[in-house]
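>>> when you get a sec, could you give me coordinates for this:
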Amino acid sequence: MKTMLKALAFLSAFSFQLSVFSQGPLTPPGAPSPSMKSLDQIEARTAISTAPFTITTSGSYYLTQNLTVASATAITISASNVTLDLNGFTISSTESPAASSSGILIASGLSNVTIVNGLIASNVNYSGGSYSGTGFGNGIAYTGTAPSSARVQGVSVYHCLSHGINLGFNSSVAQGCVVNTAGGSGIYADSVSNSAALNCGTGGVLANNAQNCTGSANNSGNGVQATTAANCYGLATGSGIGLTANTAANCYGYNSSTGIGLNAAVVSGSYGYSSNGAGLMSNVATGSYGYCASPGTFSHGLHADSGATNCYGFSAGNGTALYSAGTVENCYGLCTGAGTGVYSASGVFNCYGASATGFGIYVGDNGTASFSTGFSNAPSSPVAINCNLGVAIGCSTQGGTIVAAQKFLGTP
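The predicted structure follows:
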């Protein structure tokens, strides 16, 4: 009985609470508003699933699959303010023989064009001094006037007959790109960084500013050619220059044939090597190393027209290991042939020069050799330091004699 009374009391209280907290009428005021996003809100871009394709309207575009063309250009950009995302897919061509068509072609005079994240490939190869095969003439190129504010990032281009990525020098940028085998230039842009262009014809990397780049070129092409190069490596396998720039810092230029290893007006912290030419050519060199493996007479290890400081030069033949028309200071030159270890037209200071059968140190007329050491192992009358009509001050020898108009401060 007590249990029943408790149940009745609970139901009475519950009924009272329902009446106190009533929610009003249950009829909805109207149809519910949409809560899901539209397709444009989710993916506000235009899909590209077939080629050839021409972009005629500004906006954002992306690939949905790999694209292959049998001829002609795959994608043409004919509008400014366009972003094209290759979305990790590949654009390829089977055209035979390879023609002047492009994977992506930018129309004349456009601005604000961005291409990212993908691969452009065909089947051109280098053999016997020439490029031939099937596929694209160019990976990414332009027609007419170069685009302004163009950017290519994270794009790889393989085996094209002409250019890999050619954007011109009109405020263009290439970042994190790779080109492998291009009969023309590999990567051509105003600024190129963290990129590589290998096995190219007329040049690997061509830029106003190149940073953290690698470039290699065949025939007469230059590996890396820039106004300013920093932390770059350039290789030339023909008569071209491994790396050439107005200013080169922490760079390496290599020529495996007859050209110059590294050529820069101002060079610092860099290395130049040539199999049969000058290792490093510059106007002013600081903290750099030039190596020449040639037996030629005029093949210098390191050549600095106006001066060299804290540098090292090596010559394996009859060329001068370290040559300068200006002052040479705190430098080392070694020649294993009949050339000179260190040559300066004006003066050397605190240097070491050695030659197997030539002069250890040679200073031009009226020049001065100061606090330097020379060595010569010439079979007859070895001259360690030759100041000719100049002055030798505080110098010493490790083999050979000092020839100078005046010798003082305890020199022999």
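
>>> show me the domain layout of the chain.
Following automatic domain parsing, one finds the domains of the chain at 45-219, 259-412.

>>> what residues sit buried inside the longest strand seen in the chain?
Longest strand in the chain, counting residues (DSSP state E): strand 148-160. Residues S148, A150, R151, V152, Q153, G154, V155, S156, V157, Y158, H159, C160 are the ones in strand 148-160 that count as buried (16 or more other C-beta atoms under 10 Å). Backbone N, C-alpha and C define where each C-beta goes, glycine included.

>>> and the gap between the first one and H163?
Here the criterion is C-beta to C-beta, to the nearest Å. By it, S148 lies 18 Å from H163.

>>> apart from its chain neighbours, what residue comes closest to A345?
The spatially closest residue to A345, leaving aside those adjacent along the chain, is G364, at 3.8 Å (C-beta to C-beta, 6 or more residues apart in numbering).

>>> separation between that neighbour and A325?
Per C-beta to C-beta, G364 is found 8 Å from A325.

>>> then P379?
Distance, P379 to A325, using C-beta to C-beta: 30 Å.

>>> ok, now G399?
G399 is 27 Å from A325, where distance means C-beta to C-beta.

>>> and S381, backbone torsions?
Backbone torsions of S381, given as degrees, to the nearest 10, read phi 50, psi 60.

>>> with N66 instead?
Dihedral pair for N66: phi -60, psi 140, per degrees, to the nearest 10.

>>> and for the one 10 residues further on?
When quoted as degrees, to the nearest 10, the phi and psi of T76 stand at phi -110, psi 130.

>>> that one pairs with what?
Taking DSSP bridges as the rule, T76 bridges to T54, L105.

>>> tell me the contacts of the residue most central in space within the chain?
Compute the mean C-alpha point of the chain, and by C-alpha atoms, centre = their mean the closest residue is C213, 2.6 Å away. Contacts for C213 (C-beta atoms under 8 Å, 6 or more residues apart in numbering) come out as 187, 192-197, 205, 207, 224, 229, 231-233.

>>> need the pLDDT of it.
With respect to pLDDT, C213 has a value of 98.

>>> ok, F89 touching V116?
No. With contact defined as C-beta atoms under 8 Å, F89 does not reach V116; the gap is 11.8 Å.

>>> related to what we said a few turns ago, need the winner for burial among the domains of the chain.
domain 259-412 (a mean of 23; mean count of other C-beta atoms under 10 Å).

>>> now that one: mean pLDDT?
Per-residue pLDDT values over domain 259-412 give a mean of 93.

>>> for stretch 140-149, same thing?
What stretch 140-149 shows for mean pLDDT is 96.

>>> Provide the contact partners of that stretch at residue level.
In contact with stretch 140-149 (C-beta under 8 Å, 6+ apart) are residues 102-113, 115, 120, 150, 152, 155, 157, 162-172.

>>> how long is it end to end?
Distance across stretch 140-149, first residue to last, is 15 Å (C-alpha to C-alpha, to the nearest Å).

>>> then stretch 184-201?
First-to-last residue span, stretch 184-201, C-alpha to C-alpha: 5 Å.

>>> and that stretch, how far out from the chain's middle?
Counting by C-alpha atoms, centre = their mean, to the nearest Å, stretch 184-201 is centred 7 Å from the centre of its parent chain.

>>> next: stretch 47-66.
With C-alpha atoms, centre = their mean as the basis, stretch 47-66 stands 30 Å off its chain's centre.

>>> and the end-to-end length of it?
From its first residue to its last, stretch 47-66 covers 12 Å (C-alpha to C-alpha).

>>> go on, stretch 58-75?
14 Å.

>>> and if you look at stretch 306-315?
Terminal residues of stretch 306-315 lie 20 Å apart, using C-alpha to C-alpha.

>>> now tell me what touches it from outside.
Stretch 306-315 has contacts (C-beta under 8 Å, 6+ apart) with 279-280, 283-292, 294, 299-302, 304, 320-337, 339, 342.

>>> please save the CA atoms from stretch 94-103 in PDB.
The C-alpha coordinates for stretch 94-103 follow below in PDB (Å, rounded to 0.1, in the frame of the first residue of the first chain):
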ATOM      1  CA  THR A  94      53.600  10.900 -77.600                       C
ATOM      2  CA  GLU A  95      54.100  13.200 -80.500                       C
ATOM      3  CA  SER A  96      56.700  11.900 -83.000                       C
ATOM      4  CA  PRO A  97      59.100  13.400 -83.700                       C
ATOM      5  CA  ALA A  98      59.100  15.900 -80.800                       C
ATOM      6  CA  ALA A  99      57.900  19.300 -82.000                       C
ATOM      7  CA  SER A 100      57.600  22.800 -80.700                       C
ATOM      8  CA  SER A 101      54.400  22.100 -78.700                       C
ATOM      9  CA  SER A 102      54.400  22.500 -74.900                       C
ATOM     10  CA  GLY A 103      53.000  20.800 -71.900                       C
END
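
>>> before we move on, the earlier item: okay, and which of the contacts of stretch 306-315 map to strands?
Among these, the residues falling in strands (DSSP E) are 280, 283-286, 289-292, 302, 304, 322-324, 327-329, 332-335, 342.
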